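> here's a sequence, model it:
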Amino acid sequence: MSAAIQSLVFDLDDTLVVEEASADDALLQTCALAEERYGIPATNLRATVRQTCRELWHASPARAYCVAVGISSWEGLWAKFTGDGAELQRLRAWAPTYRFQSWQNALQRYGIDDPGLAEELAKTFPRLRRERHIVYDDVIPTLTQLAGSYSLGLLTNGAADLQRFKIQATGLGDYFQEILVAGEIGVGKPDARAYEQMLDRLGVKAENACMIGDHLVRDVAGAQQAGMRTVWLNREGKTPMENICPDWEINSLAILPAILRDAREG
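Here you go, the predicted structure:
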């Protein structure tokens, strides 16, 4: 018989809040400025800037740190990188150049050399992205229902200032007993140490905890390595990976309470 689940640990981006689609929408609205001025289709420029920022991100002065805590190239376009760590200081100093160059390089691929526009786009995207914080419809009802029966944790990769801003802007923080951000603890999913820190903070053994997230590698495989049970939230019907088998797969968080109830009663 399986050990009883006492604690639930949730991922944040694209599990509780819309992340990549929000970034894409803010990028598209930013690119519309270039379309108005030079006729570049906004959808095309969006794809191009995603490519140029990835290329530059690989040359980040703190790339190893970014990989370890899971900061993506598009997050680098709006993160403030607040904090006192050496890696954060390097990123904070480099970020203005990175943002400008990402947009400048993208424009140049369309034969446009307009540093003023590149600077405008680099400043516009962070403002537009900070206006977009969407919580999935199934999140609040599910967390409210589960809060009385389980201790809840939030474990998220990413830069500390971005993730804390999202949590505050969405009002989700009040639902969790513990919140850990990879950028604050120096290690992120799927590293088992991130899960172990969360389990320690919640005061629960791995066999009594379950991880819920949208990413098979970071949220499922990583949690399984730490000894936790897992729920793969597959909202978009993605193809499973043969070598990663979550304990449960769901397409909506609304299903989660029933699954946990069946597991408890079974």
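
> for the rest of this, base every contact and every neighbour count on C-alpha atoms.
Noted.

> what pLDDT, on average, does stretch 191-199 get?
Here the mean pLDDT over stretch 191-199 is 97, rounded to a whole number.

> which other residues reach it?
Stretch 191-199 is contacted by residues 153, 155, 178, 180, 182, 185, 187-189, 205-206, 209, 222-223, 225-226 when judged by CA atoms under 8 Å, 6 or more residues apart in numbering.

> quick one: buried residues of that stretch?
For stretch 191-199, a neighbour-count test (16 or more other CA atoms under 10 Å) marks D191, A192, R193, A194, Y195, E196, M198, L199 as buried.

> any idea which element the fifth one lies in?
Put plainly, it is Y195. helix 192-202 (DSSP states H and E).

> ok, back up a step: which one of the buried residues of stretch 191-199 is nearest to L162?
The shortest gap between L162 and any of the buried residues of stretch 191-199 belongs to A194, at 18.1 Å (CA to CA).

> for the nearest residue to T48 once chain neighbours are set aside, which residues are in contact?
If the residues on either side of it in the chain are set aside, T48 comes closest to A106, at 5.7 Å by CA to CA, 6 or more residues apart in numbering. Shown in contact with A106 (CA under 8 Å, 6+ apart): L45, T48, V49, T52.

> cool, and L162?
By CA under 8 Å, 6+ apart, the contact list for L162 reads E75, A79, K80.

> now do L180
L180 makes contacts with G153, L154, L155, T156, M198, as judged by CA under 8 Å, 6+ apart.

> name the member of the residues you listed with the most neighbours.
With neighbours set by other CA atoms under 10 Å, the maximum within the contacts of L180 is found at T156, which has 27 neighbours.

> count of neighbours near G171?
A total of 12 residues lie near G171 under the criterion other CA under 10 Å.

> what about it, distance to K123?
Using CA to CA, to the nearest Å, we find G171 at a distance of 26 Å from K123.

> tell me who's in contact with I244.
Applying CA under 8 Å, 6+ apart, we find I244 in contact with L216, V217, V220, A221.

> give me the phi and psi for the residue lying closest to G237 once chain neighbours are set aside.
Nearest in space to G237, with sequence neighbours left out and distances taken as CA to CA, 6+ apart, is N251 at 7.3 Å. For N251, the backbone dihedrals are phi -110, psi 0 (criterion: degrees, to the nearest 10).

> same question for the one 5 residues further on.
Note on L256: its backbone torsions stand at phi -60, psi -50 [degrees, to the nearest 10].

> tally of neighbours for it?
20.

> just the pLDDT for it.
pLDDT, L256: 97.

> again with the one 4 residues further on
Per-residue confidence (pLDDT) for L260: 95.

> ok, it - contacts?
The contact partners of L260, taken as CA under 8 Å, 6+ apart, are I5.

> give the buried residues for the helix or strand where it lies.
Applying DSSP H and E as the criterion places L260 in helix 256-265. When neighbours are counted by 16+ other CA under 10 Å, the buried residues of helix 256-265 are found to be L256, L260.

> can I get the CA coordinates of it in CSV?
Taking only C-alpha atoms (Å, rounded to 0.1, in the frame of the first residue of the first chain), the coordinates of helix 256-265 have been written out as CSV:
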residue,chain,number,x,y,z
LEU,A,256,-6.7,16.6,-9.2
PRO,A,257,-8.9,16.4,-6.0
ALA,A,258,-10.7,13.3,-7.3
ILE,A,259,-7.4,11.6,-8.2
LEU,A,260,-6.0,12.3,-4.8
ARG,A,261,-9.2,11.1,-3.1
ASP,A,262,-9.1,7.8,-5.0
ALA,A,263,-5.4,7.4,-4.1
ARG,A,264,-6.2,7.9,-0.4
GLU,A,265,-9.2,5.6,-0.4
